[in-house]
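In: A structural model of the following input is requested.
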Amino acid sequence: MSKYISVFSLMLLFATIGTTTSCAQKSNKAATTTVTKKVMNTSIYNYKATDIDGKTFDLASLKGKKVIIVNTASKCGYTGQYEGLEKLYKEYSNDGLVILGFPTNDFNGQEPGSNKEIAAFCTQNYGVTFPMMEKITVKGDDMNPIYRYLTQKSENGLEDSKVMWNFQKYLINENGQLEKVLMSKVEPNDPEIINWIKA
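Out: A predicted model of the protein is given here:
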């Protein structure tokens, strides 16, 4: 009789271990799903920047708008794109488009000026009225957190990228999520950008 009781006890023990393991596996799977979902929901609305006048710019204020984030420079072969960006902003800002300029000196020292000098340059030469942020770093260890989001799939949920040169464009949808990355040579009036704005 005791022999049967021992066998029954062992069977009960294995059944309990199996159930515990199964629950643990389900728990781990649920945790993984939660983490993945959290990454995919990351948006630029979680970030703040400092504008070119030293004031805090909360990107959460851009909810419901399409946003083009572009790293700029005053002494670059693409500097003339300021004109196209301003024209684009004036034409579509009433439709919910915002352009954010982030000056950077990361490429061949093509933005050597101070924030005050950059602001004056943009206004005097191109009549820029779209929001300009303070000068930042868009690559390397000192990369600005906003650009860390833009360039890392683990942050933006879309793709990894690298800022290759001045005037690279990151297109953000109305939900604050990265939708497209366009290289410097793509002009502000390119059909791909216009169609994206109108879509």
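In: the helices in this protein, which residues?
Out: 2-40, 81-92, 115-126, 145-151, 153-156, 191-198 (DSSP state H).
In: So for the protein, the centremost residue is which one?
Out: Taking C-alpha atoms, centre = their mean, the centroid of the chain lies closest to residue 150, which sits 3.1 Å from it.
In: That one and residue 70 touch, don't they?
Out: No - contact between residue 150 and residue 70 fails when scored by C-beta atoms under 8 Å: they sit 10.8 Å apart. For every residue, glycine as well, the C-beta is placed using N, CA and C.
In: Find the residue ranges of this protein scoring beneath the pLDDT cut-off.
Out: Within the chain, the stretches with pLDDT under 70 are 1-41.
In: Show me the chain divided up by domain.
Out: When the chain is parsed with automatic domain parsing, its domains come out as 1-40, 44-198.
In: any idea which of those domains is most buried?
Out: domain 44-198 (a mean of 17; mean count of other C-beta atoms under 10 Å).
In: so what's the residue nearest to the centre of the chain up against?
Out: 69, 156, 161, 170, 178, 181 (C-beta atoms under 8 Å, 6 or more residues apart in numbering).
In: same thing with residue 179?
Out: Per C-beta under 8 Å, 6+ apart, neighbours of residue 179: 158, 171-173, 196.
In: any chance of those residues in CSV, plus distance to residue 112?
Out: Below are the contacts of residue 179 laid out as CSV (distance: C-beta to C-beta, whole Å):
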residue, distance to residue 112
158, 33
171, 28
172, 28
173, 34
196, 33
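In: and of those, the nearest to residue 92?
Out: Nearest to residue 92 among the contacts of residue 179 is residue 196, at 10.5 Å by C-beta to C-beta.
In: what about the closest one, distance to residue 73?
Out: Taking C-beta to C-beta, to the nearest Å as the measure, residue 196 falls 24 Å from residue 73.
In: between residue 150 and residue 70, what contacts are shared?
Out: In contact with both residue 150 and residue 70: residue 170, using C-beta under 8 Å, 6+ apart.
In: So residue 174 is in contact with residue 65, correct?
Out: Yes - shown here, residue 174 and residue 65 form a contact pair, counting by C-beta under 8 Å, at 6.4 Å.
In: Need the residues touching each of the two.
Out: residue 96.
In: which ones are touching residue 91?
Out: Residue 91 touches nothing, counting by C-beta under 8 Å, 6+ apart.
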